[in-house]
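In: coordinates for the following, if possible.
(chains A and B)
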Amino acid sequence: MRQSQLFTKTRREAPKDEVAKNAQLLIRAGYIHKEMAGVYDLLPLGLRTFDKVVNIIREEMNKIGGVEAHLSSIQRKELWEQTDRWSDENVDVWFKSALKAGGEVGFGWTHEEPFTALMREHVSSYKDLPVYAYQFQTKFRNETRAKSGLMRTREFVMKDLYSFSKDEAEHQKFYDKASDAYMRVFERVGLGDVTYKTFASGGSFSKYSHEFQTLSDAGEDMVHVSKEKKIAINKEVFNDEVLADLGVSKDELVEEKAIEVGNIFSLGTRFSDALGLSYKDENGESRPVIMGCYGIGPARVMATVAELLSDDKGLVWPESVAPFRVHLIEIPSESPDVHNEAAELYRELNEAGIEVLWDDRDARAGEKFADSELIGIPLRVVVSEKTLAAGKFECVERASGHTSHKSISELIGHLTA
RNA sequence: CGGGACGUAGUAUAGUGGUAGUACACCUGCUUUGGGAGCAGGAUGUCCGAGUUCGAUUCUCGGCGUCCCGACCA
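Out: Here you go, the predicted structure:
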């Protein structure tokens, strides 16, 4: 993409109403725009990074047998009354609205009910199970206090997967696979080293649920973590019983703040009982389906990467989620050769399937470099009179600052290796 | 939802009961061209409503909005 066509502008200063580093950087670099408290737009750069996170999650969900669907946001009141999750006393995050035709609807803040109800039409035999269905879908939550930039918002996309299994053993097998898939997601987006599978409260159908907590001072949660054993315990369930279950002692754990980037939960028959989702086993006996749910918010993941992998100059994206792989910087020159050379390099990189943001704007070098560092694309390639004379482009890695000089073929070889 | 802070231009900030200032961004021109460059000129603003007052951006009340702490977060 040509940067002259990118309608977003960078800013030197963060808006004063954003304190969270993730929002400050993402707004300054033109990735997101704030509509109101807890409601953000994704701008072109932000959408590209968001989509990369989404695709990584999608690939990992597909690998473990996930099948993607997309359910509606508008929810029937009657369905949620069956699980006792319609009233504002029980669920305080509902956005609700009256239908002009009569009746009332809610805007989905999660999707256990509709997914479970849907499966009643498609699951009737043990032969139909297991089912692992997921979606990337917008959730609406009427939070009393949105905060921390993209960390807690009122509208956000969530990948929510629901597992439908015949029995506990089958459920547990998938639950563990999903857990592994989650860790792979966080590794791929660059958070693997600081993200811990964390024991958290389980609810009525299992002793524990698991959160994936990324250690960060920007986090809302407190966890007790063993970096050596690569496990953590949420403060809310930190007690002797948990310590005994996990075989760890208090001495090996340190308390740290963390961002919850994912959560997996065994639901047992809570929803299948309430909504009547059952199947016939081999003997013709009716049995309730065992369920689990598995959530990740891609925008929160994006914000967490921004929060952790940035420096005083701006964002530093890992290649896996960067909006582009190469930021091609053309230093304006009176000679048309520089522009022509940049255009040629842009063409060849695109042809090689490499995503390039070409800064073809009529701006000074200093401004372009500063913008480039703020935007955080992994590799900066400079075309100028200097590089033209040298016959090689200047290549600077955003993360390390490592500089090298490469010809077109060397550069493409390096990027496609 | 409880507590606190705040609301001045696109952004960040001064300031005042009597003509609202600066920086960046923006527009025009010239200069400049490897680290947010310079000069000259220009356009743009007091969240909304009521009250006090000769006069309110400033004071008072109400509303709306934003942030922070807490509560909440299957």
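In: once you drop chain neighbours, what's closest to residue A:405?
Out: Nearest non-adjacent residue to residue A:405, counting by C-beta to C-beta, 6 or more residues apart in numbering: residue A:392, 4.0 Å away. The way it works is simple: take the backbone N, C-alpha and C, and place the C-beta from them, glycine included.
In: correct me if wrong: that neighbour contacts residue A:409.
Out: No - look at residue A:392 against residue A:409 with C-beta atoms under 8 Å: they stay out of range, at 10.7 Å.
In: who has more neighbours, those two?
Out: residue A:392 (15 against 9; other C-beta atoms under 10 Å).
In: and the residue lying closest to residue A:205 once chain neighbours are set aside, what does it touch?
Out: When the adjacent residues along the chain are set aside, residue A:205 lies closest to residue A:268, with 2.7 Å between them (C-beta to C-beta, 6+ apart). Going by C-beta atoms under 8 Å, 6 or more residues apart in numbering, residue A:268 touches A:204-206, A:290-291.
In: do that again at 7 Å, thanks
Out: A:205-206, A:290 (C-beta atoms under 7 Å, 6 or more residues apart in numbering).
In: same question, residue A:331
Out: A:338, A:365, A:382-384.
In: now do residue A:18
Out: A:24, A:27, A:149.
In: now, of those, which are buried?
Out: For the contacts of residue A:18, a burial check counting by 16 or more other C-beta atoms under 10 Å picks out A:24, A:27, A:149.
In: for these, give me TSV that also has pLDDT and distance to residue A:312.
Out: Formatted as TSV, these follow (pLDDT from 0 to 100; distance: C-beta to C-beta, whole Å):
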residue	pLDDT	distance to residue A:312
A:24	95	12
A:27	96	17
A:149	90	18
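In: ok, now which ones touch the closest residue to RNA strand B within the stretch 151-300 of chain A?
Out: In the stretch 151-300 of chain A, the residue found nearest to RNA strand B is residue A:265; the distance is 3.8 Å by C-beta to the nearest atom of the strand. Neighbouring residues of residue A:265 by C-beta under 7 Å, 6+ apart: A:209, A:292-293.
In: among the residues you listed, which are in strands?
Out: A:209, A:292-293 (DSSP state E).
In: ignoring the adjacent residues along the chain, who's closest to residue A:57?
Out: Closest to residue A:57 by C-beta to C-beta, 6+ apart is residue A:159, at 5.0 Å.
In: quick one on the thing from earlier: and the gap between the residue nearest to residue A:205 and residue A:165?
Out: 11 Å (C-beta to C-beta, to the nearest Å).
In: just residue A:351 next, same as before
Out: 47 Å.
In: those two: which is more packed in?
Out: Neighbours per residue, other C-beta under 10 Å: of residue A:351 and residue A:165, the larger number sits with residue A:165, 20 against 9.
In: need phi/psi at the more buried one.
Out: Residue A:165 has phi and psi values of phi -120, psi 160 when expressed as degrees, to the nearest 10.
In: what sits against it?
Out: A:129-130, A:171, A:174, A:289-290.
In: show me which pair in those is furthest apart.
Out: Using C-beta to C-beta, the pair of these lying farthest apart is A:174 and A:289, separated by 12.6 Å.
In: who has more neighbours out of the two?
Out: Neighbour count, other C-beta under 10 Å: between residue A:174 and residue A:289, residue A:289 has more, with 28 against 22.
In: show me what contacts that one?
Out: So residue A:289 contacts A:123, A:129, A:164-165, A:272, A:277-279 (C-beta under 7 Å, 6+ apart).
In: filter those residues down to just the ones in helices.
Out: Among the contacts of residue A:289, DSSP state H puts residue A:272 in helices.
In: low-confidence stretches in chain A?
Out: Along chain A, no part satisfies pLDDT under 70.
In: quick one: what helix or strand has the residue of it found nearest RNA strand B in it?
Out: Nearest residue of chain A to RNA strand B: residue A:366, at 2.4 Å (C-beta to the nearest atom of the strand). Assigned by DSSP states H and E, residue A:366 falls within helix A:365-375.
In: the helix or strand just after that helix - which strands sit beside it in the sheet, and in what orientation?
Out: Downstream of helix A:365-375, the next assigned helix or strand under DSSP H and E is strand A:379-383. Partner strands for strand A:379-383, per DSSP bridges, with pairing direction: strand A:326-330 (parallel), strand A:393-397 (antiparallel).
In: which residues does strand A:379-383 contact?
Out: A:325-331, A:338, A:341-342, A:345, A:372, A:393-398, A:411.
In: dump the contacts of residue A:18 to CSV, plus secondary structure and distance to residue A:187.
Out: What follows is these, written out as CSV (DSSP: H, G, I helix; E, B strand; the rest coil; distance: C-beta to C-beta, whole Å):
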residue, secondary structure, distance to residue A:187
A:24, helix, 26
A:27, helix, 28
A:149, coil, 24
